[in-house]
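[1] got a predicted structure plus its sequence, pasted below:
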Amino acid sequence: MSLSWMRAATAGLIAGVVATIAQIVLWWAFTDDLPNILYRDARLTAAVLMGPEVLPPPSTFDLKIMIVATVIHVGLSVAYSLILVLAIHRLSTILALFSGLVFGLILYVINMYGITALFPWFAAVRDWITIAAHAVFGVSVAAAYKFMPINQSA
């Protein structure tokens, strides 16, 4: 199967949404801190571009911070999906899904341990829910890409 960058980017968008929903569901099921934990994570992400002055506290809703965090999240989701799809586009579906799982776990290590050298505040989100969300992201990229219909007219 030939590589489709548009399908890869779309898979990243889908996976970013699926992983975020999975993370929110896990927070809801296993913590009592919604929506504050979501607002905290949005501030941690937005601080990459806006600087550490937007870091919590408070962990409150701020539209500008949510927009910046969403733009960063979408951009990273697409960028990461392009990398993963480059590696899996010729693999069988089962191997692609397994590779997506491994990719998500590697991505967790890179994001939560490597990136903290530049943005140390991400150490606050090193937990099993974040690991699970990264695993869901990788599997979702692979699944979305492999199961997305191929546009024959393009």
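    Sure thing, it's come through.
[2] so what's Ala9 closest to, chain neighbours aside?
    Once flanking residues are discounted, Ala9 sits nearest to Val78: 4.9 Å by C-beta to C-beta, 6 or more residues apart in numbering. Every residue, glycine included, has its C-beta placed from N, CA and C.
[3] please tell me how far Cys24 sits from Thr10.
    For residue 24 the amino acid is Ile, not Cys. 22 Å (C-beta to C-beta, to the nearest Å).
[4] quick one on the thing from earlier: quick one: contacts for the residue nearest to Ala9?
    Listed by C-beta atoms under 8 Å, 6 or more residues apart in numbering, the contact set of Val78 reads 9, 12-13, 16.
[5] with Thr45 instead?
    68-69, 72-73.
[6] which of those residues lies closest to Thr93?
    His73 (26.4 Å; C-beta to C-beta).
[7] what's around that closest one, how many residues?
    18 (other C-beta atoms under 10 Å).
[8] which residues does it contact?
    For His73, the contact set (C-beta under 8 Å, 6+ apart) comprises 16, 20, 45.
[9] that older thread, I'd like the contacts of Thr45 as TSV, with distance to Val102, secondary structure and pLDDT appended.
    Putting these into TSV (distance: C-beta to C-beta, whole Å; DSSP: H, G, I helix; E, B strand; the rest coil; pLDDT from 0 to 100) gives the following:
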residue	distance to Val102	secondary structure	pLDDT
Val68	30	helix	99
Ala69	26	helix	98
Ile72	24	helix	98
His73	21	helix	98
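[10] returning to what we had before: most surrounded residue in the contacts of Val78?
    Counting neighbours by other C-beta under 10 Å, the top entry in those is Gly12, with 27 neighbours.
[11] separation between that one and Leu38?
    Per C-beta to C-beta, Gly12 is found 21 Å from Leu38.
[12] mind listing what the spatially closest residue to Asp33 that is not a sequence neighbour touches?
    Counting by C-beta to C-beta, 6+ apart, Asp33 lies nearest to Trp27, which is 7.1 Å off, once chain neighbours are set aside. Contact analysis of Trp27 by C-beta under 8 Å, 6+ apart lists 33-34, 37-38, 129.
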